[in-house]
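Asks: predicted model, plus sequence, below.
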Amino acid sequence: MRLFIAVDVPLSQKIKDLLKEIDKSGADVKTVEPENLHLTLLFIGEKREDDLKTIEEIMNSLKGQNSFSASARGVGFFPNLDRPRVIWIGIEDHGNLSEIRKQLVNSFKERKITFDDRNEFSPHLTLGRIRSPRGIENIKRIWEERKYEDFGNFKVDKVMLFKSILTPRGPIYEELHSVGLKETSLS
C-alpha cells in the first residue's frame, strides 16, 4: 500500500476561489480535488501491511508535541517559474512542521523503515500539476496577481497517516491512523 503522513489544511473560501480560477484558466492543469488538499510531511511510498504497526508507533511519539498555528500565504511553482510543473500555496509556521518532519525522518531511520521522500522539505499545499505548456501564460498571470496573497491561518493539531489509492480519476486518500497534538493556549 502507498502511504504518506500529512496534516490537514482547512479549505478557506480564498483557496476554493483560487482552485476555480485555475480550473477556468484554459491551462492544462490537473487540479487537486478540494477534499484531497493536505500538507505532506513525509511521503513513505509502498509498504506492506505488517509495517503499519511500527509506523503507527513512530507517529504516536508525536503525542507530546504542542499544537500550533500556521498560515497559508503566497503562490508559487515547482521546480521554478521557467519550468512550472506544480502550482502551490506556501505554508508558514515558524519551523514547527520542519521539526515534526525531522522527528519522523529520524524515527524512521532508527527503526530501519525506508521511505521514498528525498526532497528538501518545503511546506506547501499542492493545488495542481501542470501537464503541458498550453495556457501557461494564464497560470503565470494568476501567479502574478496572487504570489503574495494571504489565504488565512489555521491550527495544526493532528498528524495523519494516509493510504493513497491511485485510480484513473485521481487518487483516493484513506486515513489509517492519526495522532492529536497537545493543546496549548498559544496555538
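Replies: Everything's here; your move. Residues are numbered from 1 along each chain as shown.
Asks: any idea what F4 is bridged to?
Replies: Beta-bridge pairing for F4 (DSSP bridges): F43, F162.
Asks: I figured it was touching L42, is that so?
Replies: Yes: the pair F4 / L42 is scored as a contact, 6.6 Å apart, by CB atoms under 8 Å. To be clear about C-beta, it is placed using only N, CA and C from the backbone, and glycine gets the same treatment.
Asks: ok, now how distant is Q13 from L19?
Replies: Distance of Q13 to L19, computed by CB to CB, to the nearest Å: 11 Å.
Asks: out of those two, which sits in the more crowded spot?
Replies: Ranked by neighbour count (other CB atoms under 10 Å), Q13 and L19 place L19 first, with 19 against 9.
Asks: helix or strand for that one, which one?
Replies: helix 13-23 (DSSP states H and E).
Asks: ok so I113 is a helix residue?
Replies: No: read with DSSP: H, G, I helix; E, B strand; the rest coil, I113 is coil and lies in no helix.
Asks: OK, contacts around it?
Replies: 44, 47, 51, 54-55, 58 (CB atoms under 8 Å, 6 or more residues apart in numbering).
Asks: kindly reformat these as CSV containing distance to F108, secondary structure and neighbour count.
Replies: Listed next are these as CSV, based on distance: CB to CB, whole Å; DSSP: H, G, I helix; E, B strand; the rest coil; neighbours: other CB atoms under 10 Å:
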residue, distance to F108, secondary structure, neighbour count
I44, 8, strand, 23
K47, 11, coil, 18
D51, 10, helix, 16
T54, 9, helix, 15
I55, 8, helix, 23
I58, 6, helix, 21
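Asks: name the residues of the helix or strand encompassing S98 that are buried.
Replies: Secondary structure assignment for S98, by DSSP H and E: helix 96-110. Within helix 96-110, the residues scored as buried using 16 or more other CB atoms under 10 Å are 96-97, 100-101, 104, 107-108.
Asks: chain neighbours aside, what residue packs nearest to E99?
Replies: Nearest residue to E99 in three dimensions, chain neighbours excluded: Q65, at 7.9 Å (CB to CB, 6 or more residues apart in numbering).
Asks: wait, doesn't that neighbour sit right on G180?
Replies: No: in terms of CB under 8 Å, Q65 does not count as a neighbour of G180; the distance is 9.7 Å.
Asks: quick one: the helices in the protein?
Replies: All helices of the chain, identified by DSSP state H, fall at 13-23, 52-60, 96-110, 136-146.
Asks: reformat these as CSV; add distance to H124.
Replies: Output for the helices of the chain, formatted as CSV (distance: least, CB to CB, whole Å):
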stretch, distance to H124
helix 13-23, 12
helix 52-60, 21
helix 96-110, 10
helix 136-146, 14
